[in-house]
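Colleague: fold the following.
(one chain, ligands or ions: 2)
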Amino acid sequence: MSPVPITPIKVGHVDDVQELRRSKPMKIPTRFVRDIDERPTLETVALPPPCEVPVVDLSKLMSGTKDVSNAEISLLAAACQEWGFFQVVNHCIDLGVFERIEEVAKDFFMLPLEEKQKYPMAPGTVQGYGQAFVFSEDQKLDWCNMFALGIEPKFIRDPKLWPKSPPEFSELVETYSMEVRKLCQSLLKYIATGLGLRGNMFEEMFRVAVQAIRMNYYPPCARPDLVLGLSPHSDGSALTVLQQDKGGSVGLQILKDNKWVPVQPIPNAFVINIGDTIEVLTNGKYKSVEHRVVTHKEKDRLSIVTFYAPSYDVELGPMPEFVDKSNPCKYRRYNHGEYSKHYVTNKLQGKKTLEFAKVQIENSS
Ligand SMILES: O=C(O)CCC(=O)C(=O)O
Ligand SMILES: [Fe+2]
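Modeller: Ligands and ions are numbered 1, 2, ... in the order given. Predicted structure coming up:
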């Protein structure tokens, strides 16, 4: 979510999805209609068990009893390696804050369009209200309205984009983000331990971590079989923390063994996923898994997503602990700020963005 210097780009007219829904067009506008091979399958896929994203209990990770915390660290490590996704329960975040951020985010999206447009996301940028990752006139659009803000470090903030309405919005984002930052730091400590690294390895390496928040609102869609709420992608972060709204549709799907698997919301839990940074640092031992969002005929959906990543000036590459003869180095070294800029200036397209860092592995035989 780096503030990116923008050369003018032509994105054409990008409909506001809530307004579009309100106007009830006879047909879904073609810019939202996916090519046949991209259209979602909406029936639930039957996978052999275990077919649910693993659940990690933070209170067990933090337990003073060594056996309990070690067992949970092993579970977390397996979740990261086999799924790249897990849900966290008993996460210590004040439930009042957890519930209020959801209400206030919904209140924001329900404001009149003119009010939301006071905080416009300029084409090619990723902060404010609008649709991110649109770079051309012929690109398919997602059935989603977004509102995003840079949070930390302070220099990435654009104060003009912090809403005055609803009145408690900005203060709540601040409180919520502080709590989620602590959660990220804590999870990274246990992830490092599970990898056999020093607990504070990632925190030290990341320096003043970059944090951003994005709220995604997916209105119901008359033809969920034709559109996507959010295009398939992996996250450019180290870790992503996602809150799904109570009562919203089951929309998030992750690509597991080449099948799209829905993530069933658990009340008061966060969904966590490994981002591209951890994939690179672990030389692919933990993968940033591709995910997407599908829409629903009657139900809307809200997600509140925090991206936690290294400082822009950090240089990244596979850590020596994960590189050997049988695991040759899969990624080059690069500056994270450059990767971040690359990520936000390209459309979401599966794991294509990470090709930026991939090295061709020579067949040594
Ligand atoms: O809305 C969701 O569940 C997914 C959002 C997401 O993947 C993202 O914002 O990167
Ligand atoms: Fe994502």
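Colleague: residue 287 and ligand 1, how far apart?
Modeller: Between residue 287 and ligand 1 the distance is 15 Å, computed by CB to the nearest ligand atom, to the nearest Å. Using the backbone N, CA and C atoms, a C-beta is placed for each residue, glycine as well.
Colleague: with residue 313 instead?
Modeller: 24 Å.
Colleague: closest residue of the chain to ligand 1?
Modeller: Using CB to the nearest ligand atom, the closest approach of the chain to ligand 1 is made by residue 303 at 3.2 Å.
Colleague: what's near enough to touch residue 57?
Modeller: With contacts defined as CB atoms under 8 Å, 6 or more residues apart in numbering, residue 57 is in contact with 72, 88, 89, 90.
Colleague: for the residue of the chain closest to ligand 1, which non-adjacent residue is closest in space?
Modeller: Computed as CB to CB, 6 or more residues apart in numbering, the closest residue to residue 303 that is not its neighbour in sequence is residue 216, at 4.8 Å.
Colleague: ok but the one you found is inside a strand, no?
Modeller: Yes - using DSSP: H, G, I helix; E, B strand; the rest coil, the secondary structure at residue 216 is a strand.
Colleague: can you count the residues close to it?
Modeller: 24 (other CB atoms under 10 Å).
Colleague: next: the one 10 residues further on.
Modeller: The burial metric for residue 226, expressed as a neighbour count using other CB under 10 Å, is 19.
Colleague: ok so, going back, including pLDDT, could the contacts of residue 57 go into JSON lines?
Modeller: JSON lines is the format used below for those (pLDDT from 0 to 100):
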{"residue": "72", "pLDDT": "98"}
{"residue": "88", "pLDDT": "98"}
{"residue": "89", "pLDDT": "98"}
{"residue": "90", "pLDDT": "97"}
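Colleague: what about this structure, any weak spots by pLDDT?
Modeller: Counting by pLDDT under 70, the chain shows low-confidence ranges at 1-7, 42-50, 362-365.
Colleague: what does it have sitting close to ligand 1?
Modeller: Applying CB under 6 Å from any ligand atom, we find that the chain lies next to ligand 1 at 214, 216, 230, 235, 242, 251, 252, 291, 293, 303, 305.
Colleague: can you pick the most crowded of these?
Modeller: Of all those, the most densely surrounded is residue 251 (28 neighbours; neighbours counted as other CB under 10 Å).
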